[in-house]
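1. prediction below, plus the sequence it came from.
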Protein chains: 2
Amino acid sequence: MPRSKFGDIYRDLKDRIESGEYPYQSLVPSENTLVTVYGCSRNTVRRALAGLIEKGYVQAIQGKGVRVLYRPASRTPFTLGRMESFRETAQRCRTHYQTRVVHFSMSQTDSALAAASGFPPGADVYHVERVRIIDGRAMVLEVSYFLRSVVPALTPEAAEQSVYAYLEKELGVQIMTSKRTITVEPAAPADRLYLDLGSYDCLAVITNQAFNADGILFEYTVSRYHPECFRFQDTASRRSKKAE
Amino acid sequence: MPRSKFGDIYRDLKDRIESGEYPYQSLVPSENTLVTVYGCSRNTVRRALAGLIEKGYVQAIQGKGVRVLYRPASRTPFTLGRMESFRETAQRCRTHYQTRVVHFSMSQTDSALAAASGFPPGADVYHVERVRIIDGRAMVLEVSYFLRSVVPALTPEAAEQSVYAYLEKELGVQIMTSKRTITVEPAAPADRLYLDLGSYDCLAVITNQAFNADGILFEYTVSRYHPECFRFQDTASRRSKKAE
DNA sequence: AATCGTTTCTTGTCTATACAAGATTGTAAC
DNA sequence: GTTACAATCTTGTATAGACAAGAAACGATT
């Protein structure tokens, strides 16, 4: 895959930080230094740094330098990244997982679903419900709707594997933007039916809207997580005067 | 407050999108058009657009334009933004709230707290526990630790008002970066003691590390939310080739 | 020794330009 | 009519330069 220059610099700096070459609380080399090191313009260096700032790896301090905030991660299993599929998260955490399709049908959006999902009313959709099983325990119930005008051919077999890999490789559909809402909800009968909830009576719920490269909302998924396998990390930084 | 040019453009475009002038799925004027409209360089326009992309307002499509993804928010009370204090959230949602300080002391970090918080072991800290009461119901329990070398003077009175306003105005301490982790945990006895949990037996827990303008970790807070007043929104976008 | 300025380093903002890459449109050739 | 190509939109990447603003180091003056 052909890559951009600032992406290369971003990754190089990220690797050096993660390896401990630039330890916690130290300053990375100044922008002008990095310009000579990487042989590029200052703007390009700054784009790489902007990426590290956004991800919480470093913090820029005007007049002083760029300070490392990253610390080797506490061993926390199954932390949801900012834009990962379930499969990617599970693989990264090296957990054994499998997927069971418990429902697969085609239908049309009624008014309630249209309001909740953002799909137009009466649109043709696939309706898929899957249970994610981690180390033998049913931990996540995912209720998904896919817009058939964007995803014309979906099969239970593809749903059992990774839908995203299928969409990307077979259909050339890519998720470009993803809007998520996280809430905590009481367990519903369906949760108890499909998941190994144990004594818990609540779940972490992620409601997700995915847009493809054309800006079309094509997927609406509600993921209901067993509390023990839910963890979400986030970094926010105040950009001096921009965001009010 | 003196503001930046790209910040002005960002806010102007954001207002126009929220007002419906650029509706859902439409394309905002092209970058070159915006350059002439705002009388600035293309880079400046692009910085403003980058902010809108990050916040999920729009999505850029190479070769086509910048598409609006924003839709007037469903009336969802008490949605946590990306970097807001409790007070700001409560005020934005126009809810009546008050704060009760249930614990206030000075102590030193033991090894367990140091490991969890990221503070150095043996550091002097304030230990504050507060209950947030929304419309008469005790909904949030916040356990906070403030590094005394950064926050030399903290009082129960300041803790009862807004600590952040106090820090910013009185001490000149600003939160620049904030790392958060969201989990769901079973209710502990302290939760039942202080909060009006009702029949729930789980809480949404936000663990927060705040860094000041010098990159010093100076606050560690664990906020335990009643599920009914917890909602967190997030937008992720895939930047073509940068982030792997 | 302490203080005040200057210099010099840092990051922050902004401009102007160039070319690459993707998408659309129009036109010419077939 | 259909196809192929070229022109022309769009956003994406990268360069080079300028000045502002904040922080630190140095030095001269007091």
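-> Received, thanks.
2. what's the next secondary structure element after the helix or strand A:Asp15 falls within?
-> Using DSSP states H and E, A:Asp15 sits in helix A:5-19. Heading C-terminal from helix A:5-19, the first helix or strand you meet, by DSSP H and E, is strand A:27-28.
3. close to DNA strand D, is that next one?
-> No - judged by CB under 7 Å from any atom of the strand, strand A:27-28 makes no contact with DNA strand D; its nearest approach is 10.5 Å. Glycine gets a C-beta too; all of them are placed from N, C-alpha and C.
4. is chain B contacted by the very next helix or strand once past that strand?
-> Using DSSP H and E, the helix or strand that follows strand A:27-28 in sequence is helix A:31-38. No - figure legend: helix A:31-38 not in contact with chain B (CB under 8 Å from any CB of the partner chain); closest approach 15.2 Å.
5. next one: helix A:31-38, is it in contact with DNA strand D?
-> No - remark: helix A:31-38 sits outside contact range of DNA strand D, by CB under 7 Å from any atom of the strand, the gap being at least 7.9 Å.
6. and that helix, what's its mean pLDDT?
-> Mean pLDDT, computed over helix A:31-38, is 96.
7. quick one: that helix to helix A:5-19, angle?
-> Put simply, helix A:31-38 runs at 100 degrees to helix A:5-19, going by axes from the mean of the first three to the mean of the last three CA atoms, to 10 degrees.
8. which parts of helix A:31-38 are buried?
-> Across helix A:31-38, burial judged by 16 or more other CB atoms under 10 Å in any protein chain shown covers A:31, A:34-35, A:38.
9. for these, work out which two are farthest apart.
-> Maximum pairwise distance among the buried residues of helix A:31-38 (CB to CB): 10.5 Å, between A:Glu31 and A:Tyr38.
10. common neighbours of the two, please.
-> Common contacts of A:Glu31 and A:Tyr38, defined by CB atoms under 8 Å, 6 or more residues apart in numbering or on different chains, comprise A:Val45.
11. run the chain-centre distance for stretch A:136-147.
-> Centre-to-centre, stretch A:136-147 and its host chain are 15 Å apart (CA atoms, centre = their mean, to the nearest Å).
12. now look at it and say if it contacts chain B.
-> No - in terms of CB under 8 Å from any CB, no part of stretch A:136-147 sits within range of chain B; the closest distance is 12.4 Å.
13. quick one: contacts of that stretch?
-> Counting by CB under 8 Å, 6+ apart, A:86, A:96, A:100, A:109, A:113, A:117, A:119, A:123-134, A:154, A:163, A:190-191, A:194-196, A:216-226, A:228-229 sit against stretch A:136-147.
14. among these, which ones are buried?
-> Buried subset of the contacts of stretch A:136-147 (neighbour count, 16+ other CB under 10 Å): A:86, A:109, A:113, A:117, A:119, A:123, A:125-134, A:154, A:163, A:191, A:194-195, A:216-226, A:228-229.
15. which of these fall within strands?
-> Judged by DSSP state E, the buried ones among the contacts of stretch A:136-147 include A:125-134, A:217-225 as members of strands.
16. how many other residues sit next to A:Val101?
-> Using other CB atoms under 10 Å in any protein chain shown, A:Val101 is surrounded by 15 other residues.
17. A:Asp110 too?
-> Other residues near A:Asp110 come to 10 when the count uses other CB under 10 Å.
18. just checking, it touches A:Ala123?
-> No - applying CB atoms under 8 Å, one finds A:Asp110 not in contact with A:Ala123, separated by 10.3 Å.
19. have a look at chain A and report the helix or strand with the lowest mean pLDDT.
-> helix A:86-92 (a mean of 72; mean pLDDT, DSSP states H and E).
20. tell me which other helices or strands that one touches.
-> strand A:97-108, strand A:124-134 (3 or more CB pairs under 8 Å, 6 or more residues apart in numbering or on different chains; DSSP states H and E).
21. leaving out the residues flanking it, which one is nearest to A:Ile17?
-> Of all residues not flanking A:Ile17 in the chain, A:Tyr70 sits nearest, at 5.1 Å (CB to CB, 6 or more residues apart in numbering or on different chains).
22. same question, A:Ile9
-> Distance criterion CB to CB, 6+ apart; nearest residue to A:Ile9, sequence neighbours excluded, is A:Ala48 at 3.9 Å.
23. give the helix, strand or coil label for the one you found.
-> Per DSSP: H, G, I helix; E, B strand; the rest coil, the secondary structure class of A:Ala48 is helix.
24. likewise for A:Gln233?
-> strand.
25. partners of it in the sheet?
-> Following DSSP bridges, A:Gln233 is listed with bridge partners B:Thr181.
26. surely it meets B:Thr183?
-> No - A:Gln233 is beyond contact range of B:Thr183, at 9.9 Å (criterion: CB under 8 Å).
27. and stretch A:70-86, end to end?
-> Start-to-end span of stretch A:70-86 (CA to CA, to the nearest Å) is 25 Å.
28. where does chain A come near DNA strand C, residue by residue?
-> Residues of chain A lying near DNA strand C (CB under 7 Å from any atom of the strand): A:28, A:30-33, A:42-43, A:46, A:49, A:60-66, A:213, A:239-242.
29. make a PyMOL selection of the buried ones in the residues you listed.
-> Listed next is the PyMOL selection for buried residues among the residues of chain A next to DNA strand C, using 16+ other CB under 10 Å:
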select buried, chain A and resi 28+31+46+49+60+65+66+213+239+242
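30. A:Ser85 touches A:Leu167, doesn't it?
-> No - taking contacts as CB under 8 Å, A:Ser85 lies outside contact range of A:Leu167: 10.3 Å.
31. domain ranges for chain A?
-> Listed by automatic domain parsing, the domain ranges of chain A are A:5-68, A:86-229.
32. quick one: closest of those to B:Arg11.
-> Nearest to B:Arg11 among the domains of chain A is domain A:5-68 (19.6 Å), distances taken as CB to CB.
33. ends of that closest one, what's the gap?
-> 22 Å.
34. how far does that domain sit from its chain's centre?
-> For domain A:5-68, the separation from the chain centroid amounts to 24 Å (computed by CA atoms, centre = their mean).
35. go on, stretch A:211-221?
-> Relative to its parent chain, stretch A:211-221 has a centroid offset of 14 Å by CA atoms, centre = their mean.
36. also stretch A:167-179?
-> 13 Å.
37. same deal with stretch A:183-196?
-> Centroid separation for stretch A:183-196 versus its chain: 22 Å, with CA atoms, centre = their mean.
38. identify the residues contacting that stretch?
-> Against stretch A:183-196 from outside (CB under 8 Å, 6+ apart): A:102, A:131, A:137-141, A:197, A:200-205, A:207, A:224, A:226, B:184, B:200, B:202-204, B:225, B:227, B:230-232.
39. now which of those would you call buried?
-> For those, a neighbour count by 16+ other CB under 10 Å gives the buried set as A:102, A:131, A:138-141, A:197, A:200-205, A:207, A:224, A:226, B:184, B:200, B:202-204, B:225, B:227, B:230-232.
40. re earlier: tell me how far the residue nearest to A:Ile9 lies from DNA strand D.
-> Distance, A:Ala48 to DNA strand D, using CB to the nearest atom of the strand, to the nearest Å: 8 Å.
41. same check, this time on A:Gln161
-> Counting by CB to the nearest atom of the strand, the gap from A:Gln161 to DNA strand D is 30 Å.
42. let me know the pLDDT of the closest residue to that residue other than its chain neighbours.
-> Once flanking residues are discounted, A:Gln161 sits nearest to A:Thr99: 7.6 Å by CB to CB, 6+ apart. At A:Thr99, the pLDDT value in this model is 91.
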